[in-house]
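In: requesting a structural model of the entry that follows:
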Amino acid sequence: MLRLDYEQALTSYILPNMHYTIKEKKALPKSEYLLVLELSAEEVGKHRVHVLQHLKKDTELPGFRKGFVPEKILRERMGELVLWEEASTDALGEALAEIFLAEKLDVIGRPRVEALKLAPENPAEFKVTLSLYPELTLPDYKKIASTHNGKKPEVIDVAEKEIDTVLAEIKKQHETESGKKDFAITDETVKEFGKFETVADFRAKVKEGLLSHKEERSREKRRAELLDTLMDKAKGELPDVLIESEFSRMESELRSQIEQMGSSFENYLKEIKKDRDALRKEWSKDAERRARLQLALFQIARAEKLTASESEVATEVKHLMEHYKNANPENARSYVETLLTNQKVLKFLEQI
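Out: Numbers count the residues shown, from 1 in each chain. Predicted coordinates for the structure are as follows:
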């Protein structure tokens with residue numbers, strides 16, 4: 001990725017040996033970028049020939065075998081304007097690929113394209129709005145992490161009353177499942193729950209589980225506080241495409257949870273009396289924070305050269321695909337790489 005010099009005056013020019021002209025280019029708010037591009041009639045004409053060749057290869061009409069329909073008939077059926085438009089779109093895609101490389105533009109998402117001029121046998125002009133991968137201005141994350149890690153962790157303990165509550169729930173659940181009343185937890189009955197010799201052994205195991213749960217919650221709380229501090233001090237605008245991506249991910253996660261419970265996302269919306277737009281409005285701050293956090297973690301990973309090994313990724317992808325057999329392998333790999341990298345960044349921060 002390259003930070004673009006947004007202060008530099010940008011003027012139009014023609015790249016050598018390329019049949020298009022960049023008439024305007026400028027940075028926009030929210031990490032977007034504008035290009036106004038003219039494609040020469042000669043360049044579009046080359047692509048028109050290719051469009052006709054592909055069309056001829058795939059078209060079959062009454063009286064003509066596939067691949068043998070006369071070009072004149074194809075042009076008449078398609079129309080010269082539509083043909084020129086399709087050729088211009090192909091030429092634009094090729095030109096943009098070259099421009100992204102030449103200008104070192106790190107583009108995310110699909111460009112928004114508006115045709116400004118489009119007429120057969122004439123140059124085609126397009127306005128293209130791109131979303132660029134943004135760079136946040138991060139605070140001194142090492143100093144923040146060191147200060148945060150230096151704070152004394154909260155004292156964690158489990159009271160006897162909490163163990164009594166868990167045992168009461170176990171007793172109630174056992175009575176419900178067995179249909180027997182007045183179940184008592186004794187040295188004899190605890191053997192039903194595992195390798196326990198006495199009630200004291202069982203209580204010790206319950207305490208161990210409660211303590212482990214509390215410690216995990218404490219770690220999550222400390223981690224959230226650290227990340228909140230980093231996010232409060234990280235500056236920079238995000239393109240809408242990144243926030244929209246988080247919206248989609250949040251909706252997908254909710255759909256999955258609802259379907260696992262045997263319902264549907266549509267029924268859920270009816271039950272809460274909201275539509276998708278209302279739900280997304282509620283999620284707006286969370287979606288932006290998630291997108292900002294992921295970008296910050298990515299930048300730290302890159303700065304500290306933190307990556308997941310190929311063997312780690314392969315193992316996790318295999319495990320994931322075993323549980324979600326219909327998952328797209330490329331999406332699964334991308335998800336795993338992001339997840340493992342995030343874990344390495346968090347571990348790095350917590351050990352400073």
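In: hey, let's count contacts and neighbours off CA atoms from now on
Out: Will do.
In: check the protein for its longest strand and report it.
Out: Among the segments of the chain that qualify as a strand by DSSP state E, the longest is strand 107-117.
In: who are the packing partners of that one?
Out: The contact analysis (3 or more C-alpha pairs under 8 Å, 6 or more residues apart in numbering; DSSP states H and E) places strand 107-117 against strand 124-132.
In: okay, buried residues for the longest strand of the chain please.
Out: Within strand 107-117, the residues that qualify as buried are 107, 111, counting by 16 or more other C-alpha atoms under 10 Å.
In: with stretch 140-155 instead?
Out: Applying a neighbour-count criterion of 16+ other C-alpha under 10 Å, the buried positions in stretch 140-155 are 141, 144-145, 148-149.
In: do the same with stretch 37-55
Out: Buried positions in stretch 37-55, judged by neighbour count with 16+ other C-alpha under 10 Å: 37-41, 43-45, 47-48, 51-52, 55.
In: then stretch 270-288?
Out: 280, 283, 286-288.
In: send me it as CSV with only the CA atoms.
Out: Taking C-alpha atoms only, stretch 270-288 is exported to CSV below (Å, rounded to 0.1, in the frame of the first residue of the first chain):
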residue,chain,number,x,y,z
LYS,A,270,-40.9,-9.7,12.0
GLU,A,271,-40.6,-10.6,15.6
ILE,A,272,-38.6,-7.5,16.5
LYS,A,273,-40.7,-5.4,14.1
LYS,A,274,-37.8,-4.0,12.2
ASP,A,275,-36.4,-4.1,8.6
ARG,A,276,-32.8,-4.5,7.5
ASP,A,277,-32.4,-0.8,7.1
ALA,A,278,-33.4,-0.1,10.7
LEU,A,279,-31.2,-2.9,11.9
ARG,A,280,-28.2,-1.5,10.0
LYS,A,281,-28.9,2.0,11.4
GLU,A,282,-28.6,0.5,14.9
TRP,A,283,-25.3,-1.2,13.9
SER,A,284,-23.7,1.8,12.3
LYS,A,285,-21.3,2.7,15.1
ASP,A,286,-20.4,-0.9,15.8
ALA,A,287,-19.8,-1.6,12.1
GLU,A,288,-17.5,1.4,11.8
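In: circling back to that earlier point, and which of the buried residues of stretch 140-155 is nearest to residue 95?
Out: Top of the list for closeness to residue 95, among the buried residues of stretch 140-155 and by C-alpha to C-alpha, is residue 141 at 39.9 Å.
In: which residues touch the closest residue to the closest one other than its chain neighbours?
Out: Of all residues not flanking residue 141 in the chain, residue 230 sits nearest, at 6.7 Å (C-alpha to C-alpha, 6 or more residues apart in numbering). Neighbour list for residue 230: 138-139, 141, 144 [criterion: C-alpha atoms under 8 Å, 6 or more residues apart in numbering].
In: what do you get for residue 233?
Out: Going by C-alpha under 8 Å, 6+ apart, the list of residues near residue 233 reads 138-139.
In: elements contacting the helix or strand harbouring residue 267?
Out: When elements are defined using DSSP states H and E, residue 267 is found to belong to helix 265-272. Using 3+ C-alpha pairs under 8 Å, 6+ apart as the contact test, the elements touching helix 265-272 are helix 240-260.
In: got the angle between the helix it packs on and strand 124-132?
Out: 60 degrees (axes from the mean of the first three to the mean of the last three C-alpha atoms, to 10 degrees).
In: list of residues touching helix 240-260?
Out: Counting contacts by C-alpha under 8 Å, 6+ apart, the residues outside helix 240-260 that touch it are 30, 108-109, 131, 264-265, 268, 280, 283-284, 287-288, 290-291.
In: of all those residues, which two lie farthest apart?
Out: When these are compared pair by pair using C-alpha to C-alpha, the two farthest from each other are 30 and 264, 35.1 Å apart.
In: nearest to residue 348 among the buried residues of stretch 140-155?
Out: Within these, distances to residue 348 taken as C-alpha to C-alpha reach their minimum at residue 145, with 9.3 Å.
In: tell me who's in contact with the closest one.
Out: Residue 145 sits in contact with 226, 349-350, 352, where contact means C-alpha under 8 Å, 6+ apart.
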